[in-house]
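**Q** Have a look at this prediction, sequence included:
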Amino acid sequence: MADDSQSTQFQVPKVSREEILQCSFPRWYAQFEKVTPLSFVVELPEDFVKYLLSDDTIRLPGKMYEWRRDQNSDDEDSDPWSDIEDEDDLNEGETAVPKFEELSRKVMKKIRKLGGRCFPKLDWSSPKDASWIALNRTLSCSTFIDICLLLKSSSITTHDLVDPFEYAHPADPGKGDSENQSLKHHLILRKWVEIEPSFEFRCFVNNRKLIGISQRETSQVYSHIAEQKDQIVTDIVSFFSEYIENRFPLRNYAFDVFRTKKDYVRLLDFNPFCQQTDALLFTWQELHGMGAQEAPVFRFSAHGGGIRTGSYQNYALPIDVIRFAHSTNSEKLIDMLHIQDIQRDQQDSTDDDESS
Ligand SMILES: Nc1ncnc2c1ncn2[C@@H]1O[C@H](COP(=O)(O)OP(=O)(O)OP(=O)(O)O)[C@@H](O)[C@H]1O
Ligand SMILES: [Mg+2]
């Protein structure tokens, strides 16, 4: 979440519900697909959203639960992966996690189309606060279970589901609970791209003018940014005027790009012009006060300039770790330790599906 601590007196203006919606991935993707990584949008069924919001720590769909059940079986020949058919088998207070078979199949099909792995997010946010839990410590997902694990562990993506209009005007029509409840949620599967953090920039547009550009990973000094600063600004300005300026409908917004080499800039995301979006090396007060000028202000971290802490350090001690530490239910921990088996199993079954 944005830190506007340098401007404690300044109330960052809220935006309209429509502005927030306009920055949701399904709204903008089709128009910008040529300049952003290939992606698929999958509508989330209500029961899956309910599962994501349910309170139990990290229970994964389908196989996970079945494995736990059969470990308790006395029958040595029993298959530890056989299906549970009867809900009566559950211990008191337990509910089986559905397999979400249709959704799982759909997601796996898209992942294969994306080359076997993807970057997942919901309508606005990625589960970047949860990468600590993934076996590979990144957001790269190869299976539906990988995605469930990240989404179940992320409070940022939960915010997309429960309070996406937190920074919209309170009196805005359509901001009420009932409208939120009828909102459709989507899983976005993006082609995985190796992106060097030093190549990423966030750009701020006020009154349709590109007013500011900030290095995205603010906790590091990258000498090549200082060396190439004029070229970086030139490339981003041309990208903005060629692809964004007259196409994105809002007057005020932020957009994220990465630039891998001279003249090659790609779009990653649009974000609302409000406190929901991290102003990075600017403050929202500054951004609101900056009028149009000839060139955007470019800020990057430099030696001796005071470095901000890592972007996701606030999320270093996740609530689930604390819950595990206090949990009397060792099965949850065992679930975690067997994720790899489940992932392998899911991968195999998709391979079978594809070849049949
Ligand atoms: N397709 C991708 N492949 C690999 N990494 C990606 C991909 N898309 C984004 N990333 C990485 O993940 C980070 C977060 O992605 P993204 O901006 O989509 O998430 P977000 O939740 O909208 O972030 P923010 O809250 O800062 O707006 C990016 O800065 C980039 O480093
Ligand atoms: Mg974003």
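**A** Now that the structure is in, tell me what you want to look at. For clarity, every value in this text was computed on a predicted model and none was experimentally measured. Ligands and ions are numbered 1, 2, ... in the order given.
**Q** Kindly check the end-to-end length of stretch 209-222 for me.
**A** 27 Å (Cα to Cα, to the nearest Å).
**Q** Same check on stretch 282-298?
**A** End-to-end for stretch 282-298, by Cα to Cα: 10 Å.
**Q** residues in contact with that stretch?
**A** For stretch 282-298, the surrounding residues in contact (Cβ atoms under 8 Å, 6 or more residues apart in numbering) are 2, 4, 6-7, 10, 12-13, 203-204, 206-207, 209-214, 229, 232-233, 236-237, 273-275, 279, 299. In this view, the C-beta of every residue, glycine as well, is placed from N, C-alpha and C.
**Q** Now, of these, which are buried?
**A** 2, 4, 12, 203-204, 206, 209-214, 232-233, 236-237, 273-275, 279, 299 (16 or more other Cβ atoms under 10 Å).
**Q** Narrow the residues you listed to those in strands?
**A** Cys203, Phe204, Asn206, Lys209, Leu210, Ile211, Gly212, Ile213, Ser214, Arg299 (DSSP state E).
**Q** Grab the nearest non-local neighbour of the third one.
**A** It stands for Asn206. Asn252 (5.4 Å; Cβ to Cβ, 6 or more residues apart in numbering).
**Q** thought the one you found was touching Val15?
**A** Yes: contact status for Asn252 versus Val15: in contact at 7.5 Å, counting by Cβ atoms under 8 Å.
**Q** In this protein, what helix or strand scores lowest on average pLDDT?
**A** For the chain, scoring each helix and strand by mean pLDDT, DSSP states H and E identifies helix 63-71 as the least confident one, at a mean of 41.
**Q** so after it, what's the next helix or strand?
**A** helix 101-113 (DSSP states H and E).
**Q** just the CA coordinates of the helix or strand that that next one is followed by, formatted as PDB?
**A** Remark: after helix 101-113, the chain's next helix or strand is strand 118-121, criterion DSSP H and E. Extracted in PDB, the C-alpha atoms of strand 118-121 (Å, rounded to 0.1, in the frame of the first residue of the first chain):
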ATOM      1  CA  CYS A 118       2.400 -18.400 -15.800                       C
ATOM      2  CA  PHE A 119       2.300 -15.300 -13.600                       C
ATOM      3  CA  PRO A 120      -1.100 -15.200 -11.800                       C
ATOM      4  CA  LYS A 121      -3.100 -12.300 -10.500                       C
END
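**Q** Which neighbouring elements make contact with the helix or strand that strand 118-121 is followed by?
**A** Using DSSP H and E, the helix or strand that follows strand 118-121 in sequence is helix 144-153. With contacts defined as 3 or more Cβ pairs under 8 Å, 6 or more residues apart in numbering; DSSP states H and E, the packing partners of helix 144-153 are helix 101-113, strand 118-121, helix 339-355.
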